[in-house]
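Q: Below are the sequence and a predicted model; questions follow.
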Amino acid sequence: MSDLDPARIERELDRLGALIGRPLVVAAVTGSTNDDAKEAALRGAPHGAAFLADAQRSGRGRGGHVWHSPPGENLYMSVVLRPRLKADRVPQVALVTGVLAARVASRFVGEGAERIGVKWPNDMFAGGRKLGGILVEGRLRGAEVSHVVVGLGLNVGTLEFPAELADRATSLLRLGCERVDRSVLAAALLAEVGAGLAVFEAAGLAPFLSELSARDVLRGASVEVGGERGVAEGIDHDGRLLIRREGGSLARVASGEVTLLRSG
């Protein structure tokens, strides 16, 4: 019997006073929860509708990368949001969601474990390995946002990863969290993300910058992204990655795939 139980999730959502998570759809297996959420959004699904699956056949991350989605181990969920946002703020949703998810994951792991950080623009890392990822897909109505689908993949109970991921991925189990009820975790994430994104919608990125800075795993690293190369110096109030070029000037990068450069 799966620990991903719709009734248990809904009871936890009630207990936590969650702002999102209903209607709730939990599938044994699906192609992609983000695709499910996008299709539902186009059919008029309300703000907060959530789609979870025990396994995905074609889970994906940013840039179309395949997301390892075996059954019975991890958390795969997507939420339909209908926020009042300008289009240029949509990329910031991934950063905020990453901070909120890292906050929840840290509570489950507890003190003394590896710090759970955020890797710009959309990943969660711990101990130099990827713990989870965020995929945000928006649909516009002119300059305004019609809806946003926020997908979250979090490695929970995987101990052995495929060979190509073995030295690059981690999970809550690997971080020392021996037993996680995925229903409780899913509800906690939905509650935190719902409350946090309401704050973001009203006040922007500013309320999250301090925690984002504390969880920033790229700060001080040599990186290359969007044709820029240098040392990462943080994230600005618009969610752009700050890169100090070799000549001393500062680049502000709005999007792109980060490559970590070997020092020396």
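A: Perfect, thanks for sending it.

Q: and the gap between P70 and R57?
A: In this view, P70 and R57 are 11 Å apart by Cβ to Cβ, to the nearest Å. Using the backbone N, CA and C atoms, a C-beta is placed for each residue, glycine as well.

Q: Between those two, which has more neighbouring residues?
A: Using other Cβ atoms under 10 Å as the criterion, P70 and R57 rank with P70 on top: 14 against 10.

Q: So that one, which state does it fall into?
A: Judged by DSSP: H, G, I helix; E, B strand; the rest coil, the three-state class of P70 is coil.

Q: what's the answer for G151, then?
A: Here G151 is strand, with the state taken from three-state DSSP.

Q: mind listing what it touches?
A: For G151, the contacting residues are S32, T33, N34, A37, Y76, M77, S78, I134, L135, V136, E137, by Cβ atoms under 8 Å, 6 or more residues apart in numbering.

Q: Tell me, how many residues neighbour the second one?
A: Neighbouring residues of T33 were enumerated by other Cβ under 10 Å; the total is 28.

Q: That one against S58, yeah?
A: No: using Cβ atoms under 8 Å, T33 is not in contact with S58, being 10.5 Å away.

Q: which secondary structure elements does the longest strand that the chain contains contact?
A: Taking DSSP state E as the criterion, the chain has its longest strand at strand 129-141. Here strand 129-141 touches helix 33-42, helix 90-109, strand 123-126, strand 144-154, going by 3 or more Cβ pairs under 8 Å, 6 or more residues apart in numbering; DSSP states H and E.

Q: starting at the chain centroid, how far to it?
A: Put simply, strand 129-141 sits 6 Å off its chain's centre (Cα atoms, centre = their mean, to the nearest Å).
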